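1. Pasting a predicted model and its sequence here:
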Amino acid sequence: MVEVGSFLSGVKVVDLSHYVSGPVASQILADMGAAVMKIEPPSGDGMCALGPRNAGGDSVFYESLNAGKTVRRIDLKSAGGREIIEGLLADADVLIEGFRPGVMTRLGLDYAALAPRNPALIYCSISGYGTDGPLAEAAGHDGNYLAQSGILHRNGGEAPVFFDPPIADMTGALYAAIAILGALNARQRTGEGVQIELGLADTLMPLQAMQVAEWGANGTVPTRRSTYLNGAAAYYNVYQTRDARHVMLGPVEPRFWENFCAAANRQDWSSRQNDPMPQTDLIAEIATFFAGRTLPQIEAQFAHADCCLSPVLDLGEALSSEQVRARGFVLRADSAVQTLFPATFNGQRSAPRAPLRVETEVCDART
């Protein structure tokens, strides 16, 4: 039986990226068996300075995104550093880089320079806004990409609200990994590598395929609390309980809505699922219903209702839940909690990641 950790056995990945998107993409490849060498400046990935620390004083964010890799810290601006990188790339299968457009060209490590030496190289560049357009040189983070995409505008209450976890960063990582896997498959037939260029802001448009199609058909611009997905529907909303907890109600399908109304003993709501949006009056009535009950009372009343009703858990509650424990995609390894690749292959999960190894190269002075 083929193990998930051997899917990419023999594939060599050189990762020059930092922070979130590139490291998550290379970690996905590492989970499937690729050997990932992450290259960082002598001061390390900027993620090392962010977030909380573990008992050893290291960044838990950085450790979580780079476990399972080998890290080498090299000065790419030195002649010695470039020589090391060129040696690593001579037989690499995949290069991932996350610099702003133009940086790799200045380093002499752009695709045009590397492809003649290694025609089979799959070269994946990840940047904020891509390599062309008026924002190509602009700095940005996840909230900026959401703002530019039209997503931030329609989510939230009285004002736009950004998200945790970072949607564009994580989506960009997934699209990068998908593109690299596709390129590896194509290379088996052609023997040729390819240049992949991905802008994190661009990855947010495919997530809006339905809304983009509606805009194309009739010019609709969704606003806050205007659709069932952003707070306008009573049947897809968050409600507060008497004990200051919250529940998510989501009976979108009519049969689940009927189940909810029956379990709530409010058959008068049954015919109102398709009230015009925003369903302000119905939302208020359901809010009053939930506000009169504690979360344990609600869970008991709707235990067998099959109506898409869930308690809103905090992260600790979620990690301790029976569902997460049963699925086995979150586990403790080497005193750290790891989130594994969320799929099984012939019933097998990916293996826990080994702690990252860091090596620092001493290079000559910058040239």
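-> Nice, I can see it. Residues are numbered from 1 along each chain as shown.
2. what about stretch 343-354, how long is it end to end?
-> By CA to CA, to the nearest Å, the extent of stretch 343-354 from end to end equals 19 Å.
3. Please apply the same query to stretch 296-311.
-> Stretch 296-311 has its terminal residues 10 Å apart, counting by CA to CA.
4. Looking at that stretch now, give me its mean pLDDT.
-> If you average the pLDDT over stretch 296-311, you get 98.
5. And for stretch 106-126?
-> For stretch 106-126, the mean pLDDT works out to 96.
6. Before we move on, what's the pLDDT of the residue lying farthest from the centre of the chain?
-> Distance from the centre of the chain peaks at Asp268, with 41.2 Å (CA atoms, centre = their mean). The model reports Asp268 with a pLDDT of 97.
7. Give the phi and psi angles for it, as a check.
-> Asp268 adopts backbone torsions of phi -70, psi -20, taken as degrees, to the nearest 10.
8. Same check on Arg332?
-> Arg332 adopts backbone torsions of phi -100, psi 130, taken as degrees, to the nearest 10.
9. Domain boundaries for the chain, per the record?
-> 4-207+332-360, 246-311 (automatic domain parsing).
10. May I have the residues that are in contact with Met170?
-> The neighbourhood of Met170, defined by CB atoms under 8 Å, 6 or more residues apart in numbering, consists of Val20, Ser21, Val24. (Each C-beta comes from the backbone N, C-alpha and C, glycine too.)
11. could you redo the last one with a cut-off of 7 Å?
-> Contact analysis of Met170 by CB atoms under 7 Å, 6 or more residues apart in numbering lists Val24.
12. Using neighbour counts, pick out the buried residues of the helix or strand where it lies.
-> Using DSSP states H and E, the element containing Met170 is helix 167-190. In terms of neighbour count (16 or more other CB atoms under 10 Å), helix 167-190 has its buried residues at 167-173, 175-177, 179-181, 183-184, 187.
13. Hey, what's the angle from the next helix or strand after it to helix 167-190? Just curious.
-> Tracing the chain past helix 167-190, the next element assigned as helix or strand by DSSP H and E is strand 194-199. Here strand 194-199 points in a direction 170 degrees away from that of helix 167-190 (axes from the mean of the first three to the mean of the last three CA atoms, to 10 degrees).
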